[in-house]
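Engineer: just coords:
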């Protein structure tokens, strides 16, 4: 293992070793550059991954302190990464396994709750600033739970029973990861061409996914989809 610089307040007095998991190479490059500029001696990205298989391999190989994990990934998503790693990353008896911090464009209740149920210690959105991200990573490494106030409210509501998590999951289980992304953007009022640009897919592909979403959810219009998503706090 490479040597690290002692830093007060971090696990073992060393910088926090991070594996960065996101399927957009430009985003990963931006995060790595930002953390490199802000966190020398505090945070060090030791590896990157673009999908579930790459993530599981990188985490098992590098044994990071924190995994910075996108929610929606090719091959099953962030929850699938955590599920496949349970019990597969072995460490010394006195060393903790990796902790997971979700970093996602999505601020939907079902994504937040599902990811926390899957094993993440925190959830922040991609609007977070560089210094805030460094602090969030360090706090998660220390064992804290980290959320923005709005996202923390989703978790509290789920425990209080005001969000019917089981019902939401059953409905969403019918949709693929890509269909969920299309569904959420359409429900938020995006035009098909805007969805295509946002997700780097063709307009025809957006139309195909939208038809599938409406069929699987037994809805007949965009208006019904928006109400369905709003009722479940998915917007």
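Structural biologist: All right, it came through fine. Just so it is clear, the model here is predicted, and its values are computed rather than measured. Residues are numbered from 1 along each chain as shown.
Engineer: got any ranges where the protein has weak pLDDT?
Structural biologist: For the chain, applying pLDDT under 70 flags the ranges 1-13, 39, 87-96, 153-170, 173, 233, 235.
Engineer: All the helices of it, in order from the start?
Structural biologist: If DSSP state H is used as the criterion, the helices of the chain fall at 25-38, 52-62, 78-85, 109-117, 130-141, 149-160, 165-172, 177-187, 192-199, 203-217, 222-231.
Engineer: who wins for proximity to residue 18 among those helices?
Structural biologist: helix 130-141 (6.3 Å; Cβ to Cβ). All C-beta atoms are positioned from the backbone trio N, CA, C, and that covers glycine.
Engineer: measure the nearest residue to residue 100 once chain neighbours are set aside to residue 69 for me?
Structural biologist: In space, and not counting its chain neighbours, residue 100 is closest to residue 120: 4.3 Å by Cβ to Cβ, 6 or more residues apart in numbering. Separation of residue 120 from residue 69 (Cβ to Cβ, to the nearest Å): 7 Å.
Engineer: and what of residue 209?
Structural biologist: 24 Å.
Engineer: And residue 103, by the same measure?
Structural biologist: 7 Å.
Engineer: More neighbours: residue 120 and residue 69, which one.
Structural biologist: Neighbour count, other Cβ atoms under 10 Å: between residue 120 and residue 69, residue 69 has more, with 29 against 24.
Engineer: Name all residues that make contact with the more buried one.
Structural biologist: 21, 55, 78, 81, 82, 100, 101, 102, 103, 120 (Cβ atoms under 8 Å, 6 or more residues apart in numbering).
Engineer: now the fifth one, nearest residue through space, not along the chain?
Structural biologist: Right, residue 82. Nearest to residue 82 is residue 119, by Cβ to Cβ, 6+ apart, at 4.2 Å.
Engineer: and if you look at residue 49?
Structural biologist: residue 55 (4.0 Å).
Engineer: Just the buried positions in stretch 31-44, please.
Structural biologist: Using 16 or more other Cβ atoms under 10 Å as the test for burial, stretch 31-44 gives 31, 34, 35, 39, 42, 43, 44.
Engineer: looking at it, the first one is touching residue 22, isn't it?
Structural biologist: Yes. Contact between residue 31 and residue 22 holds when scored by Cβ atoms under 8 Å: they sit 7.5 Å apart.
Engineer: if I read this right, residue 150 contacts residue 107, doesn't it?
Structural biologist: Yes. Taking Cβ under 8 Å as the definition, residue 150 is a contact partner of residue 107 at 7.0 Å.
Engineer: picking up where we left off before, which neighbours do residue 31 and residue 22 have in common?
Structural biologist: With Cβ under 8 Å, 6+ apart as the test, residue 31 and residue 22 both reach 68, 103.
Engineer: What residues sit buried inside stretch 113-125?
Structural biologist: Neighbour-count burial for stretch 113-125 flags 113, 114, 115, 116, 118, 119, 120, 121, 122, 123, 124 (criterion: 16+ other Cβ under 10 Å).
Engineer: The last one: what's it in contact with?
Structural biologist: Meaning residue 124. Neighbour list for residue 124: 101, 102, 103, 132, 133, 136, 146, 147, 148, 151 [criterion: Cβ under 8 Å, 6+ apart].
Engineer: Just among the residues you listed, which is most surrounded?
Structural biologist: residue 102 (30 neighbours).
Engineer: nearest spatial neighbour of it, skipping sequence neighbours?
Structural biologist: Nearest non-adjacent residue to residue 102, counting by Cβ to Cβ, 6+ apart: residue 123, 4.3 Å away.
Engineer: Same check on residue 70?
Structural biologist: The spatially closest residue to residue 70, leaving aside those adjacent along the chain, is residue 22, at 4.3 Å (Cβ to Cβ, 6+ apart).
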